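Student: sequence and predicted structure, then a few things I'm wondering about:
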Amino acid sequence: MDALPLVALVAASAAVAGAARRTPVPAPLLLVVAGLLASYLPGVPTYTLDAHIVLPLLLPPLLYTAAVDSSYLDLRANIRPIALLSVGYVLFATLAVGWLAYLLVPGLPLTAALVLGAVIAPPDAVTAAAIARRVGLPARVTTILQGESLVNDATAITAFKVALAAAVGEGVSWGAGIGEFLLAAVGGVGVGLLLMVPLHWLRTHLKEALLQNTLSLLIPFVAYAAAERVHASGVLAVVVVALYLGHRSWQVDFATRLQEAAVWKMVAFVLESAVFALIGLQLSFVLKGLGTYGVGEALWYAFAVFVAVVVVRFVWVYPATYLPRWLFRRIREREPGTDWKAPLIVGWAGMRGVVSLAIAFSIPLTMEGGEAFPARNLVLFLTFTTVIGTLVIQGLTLPLLVRVLKLPGRDLRAETLAEAQAQSQASTAAEARLDELLADRSNCLPEPLADRLRTVLERRRNAVWERLGAANPVTGESADDTYRRLAREMIEAEREVFVRLRDERRIDDEMMRTLLRRLDLEEAAAYRETDDA
């Protein structure tokens, strides 16, 4: 098997994603456009999405990294709107868009139209997280969108299986469909609940960070495969396990957390980049398969389906936002009020992604009895155009919409103040513990070293408060920023000496690596890298 096309895909998509960081355009959108253009370049191989690869191999790690970084407490606090979107909206969109497609496309059976509705019903987890990070949405809106996108794939995949069974002639009743949905949902959550405690126990009892991170890479695949083995939702199993492990990540040792953060950041970057590029690369393949449908006719259907997808989401979002508050006083008392702007953002942020395309490509060529699946190629085309339309049109205009609506973003000063207060309380506790330990004669420590511990503690306590104070009039830095910069300059001077001594053969490479690692740890302690992802 020639591995060069895969290597080229990963390298090219990573390069485009890296270039996107220097532009105001979100990386997912630039990757999709690059994929669209590359699909017609001579010499570019045909990349076809395979549901047997995307769903079990790409979806679990992408879901895991999104869920493990989510806040379990925030998701639980917003469980009602998240459930209404991730379950209620997906089922409503499946029926509404499917019915509209049935009325729109002559000769399209209702069962095949419902298959299309299920395929394009779920907004994409990767897209929602990537866009939300870039445009700076309010915290509650971001939580709701991320929570929706973590769970809705399970609803859509189950709805797709039921609709597909009816379309290919397996005679699925409403009762059987509801039963399959409940089995997938309850089973997926159950598998996640069964796995999360033993997996967390393993993570906390493995003594080597390398082994712990190897386990971390395996966890999403284990959870997904275990759930799918019993015909439950692998998506829900991965999400449940990831939320639990993320909520208890503080119980894992620091070396594992540092390595894990770096490893998963790299994995997410590579997979997200490749996934969005793959979406664009499907264009030539989808167009070749249109067959009896003319391009003009298919584009008209695509426009109508895209409009239906956008409108149906707003038809659901606004009533789902306000009706429960009007009907139940307890909801009004427990949840913060909202104006018309937040639902508008939630409605417009329904970008579709690779999961929809992967599900569409899993539609069989033939039905029971050997007949061709009706309008399969058109369903693929409409799925592709809906994904591209939502990514490009909604994704490009979402930042502008956020600016025009002047939604309150994150209050950075309030967050810094809360961080400073938390650090102050923690430092006070640490100082008391240090005094208690030093009072014990078994912990005898020379005074300079004891003073060093207190100095480090005091600097950590003051560092956050200094961010609230005045900046250096010359450099614009806080005192803590200046400290970190000077510390790095000093460490760099030491590093140059070690390299020079190695080149002069006064120390060997092994000793140089040992000394450099010590400096790296010192630099990591002195300087906190800003996450601009």
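Tutor: Here it is on my side, so go on.
Student: which other helices and strands contact the helix or strand harbouring Leu344?
Tutor: Taking DSSP states H and E as the criterion, the element that holds Leu344 is helix 341-348. On a contact count with 3 or more Cβ pairs under 8 Å, 6 or more residues apart in numbering; DSSP states H and E, helix 341-348 meets helix 139-167, helix 295-327, helix 395-405. Using the backbone N, CA and C atoms, a C-beta is placed for each residue, glycine as well.
Student: show me the shaky parts of this protein.
Tutor: 1-2, 125-136, 169-177, 289, 291, 367-370, 409-412, 464-476, 478, 526-533 (pLDDT under 70).
Student: which stretches of the stretch 401-533 of the chain form helices?
Tutor: 412-438, 447-468, 479-503, 509-526 (DSSP state H, counting those that start in this stretch).
Student: of all those, which lies closest to Ala225?
Tutor: With Cβ to Cβ, the closest approach to Ala225 among the helices of the stretch 401-533 of the chain belongs to helix 509-526: 35.7 Å.
Student: sorry, back to before: out of the helices and strands packed on helix 341-348, nearest to Ala12?
Tutor: Comparison of those against Ala12 by Cβ to Cβ identifies helix 395-405 as nearest, at 20.3 Å.
Student: tell me the residue furthest from the middle of the protein?
Tutor: In terms of distance from the mean C-alpha position of the chain, Arg441 ranks first, at 50.8 Å (Cα atoms, centre = their mean).
Student: gap between that one and Glu208?
Tutor: Going from Arg441 to Glu208 by Cβ to Cβ, to the nearest Å gives 35 Å.
Student: hmm, back to that, flag every buried residue along the helix holding Leu344.
Tutor: By 16 or more other Cβ atoms under 10 Å, the buried positions in helix 341-348 come out as 341-348.
Student: neighbours around the nearest residue to Ile363 once chain neighbours are set aside, how many?
Tutor: Nearest-residue entry for Ile363: Arg376, 5.5 Å, with adjacent residues in sequence omitted and distances by Cβ to Cβ, 6 or more residues apart in numbering. Using other Cβ atoms under 10 Å, Arg376 has 21 other residues around it.
Student: isn't Arg376 right up against Leu365?
Tutor: Yes. Between Arg376 and Leu365 a contact is recorded at 6.7 Å, counting by Cβ atoms under 8 Å.
Student: out of the helices of the stretch 401-533 of the chain, nearest to Asp153?
Tutor: Each of the helices of the stretch 401-533 of the chain has some distance to Asp153 by Cβ to Cβ; the shortest is helix 412-438, at 30.9 Å.
Student: what is the closest one packed up against?
Tutor: Partner elements for helix 412-438 (3+ Cβ pairs under 8 Å, 6+ apart): helix 447-468.
Student: what's the helix it packs on in contact with?
Tutor: When contacts are defined by Cβ atoms under 8 Å, 6 or more residues apart in numbering, helix 447-468 is touched by residues 413, 416-417, 419-420, 423-424, 427, 430-431, 434, 438, 478-480, 483.
Student: same thing but 6 Å
Tutor: Contact partners of helix 447-468, identified using Cβ atoms under 6 Å, 6 or more residues apart in numbering, comprise 416, 419-420, 423-424, 427, 430, 478-480.
Student: cool, and stretch 103-111?
Tutor: Contacts for stretch 103-111 (Cβ under 6 Å, 6+ apart): 102, 166-167, 301, 304, 374-375.
Student: one more pass at 8 Å, please.
Tutor: With contact meaning Cβ under 8 Å, 6+ apart, stretch 103-111 is reached by 98-99, 101-102, 113, 163, 166-167, 301, 304-305, 374-375, 378.
Student: since that was my last question, I'll sign off now.
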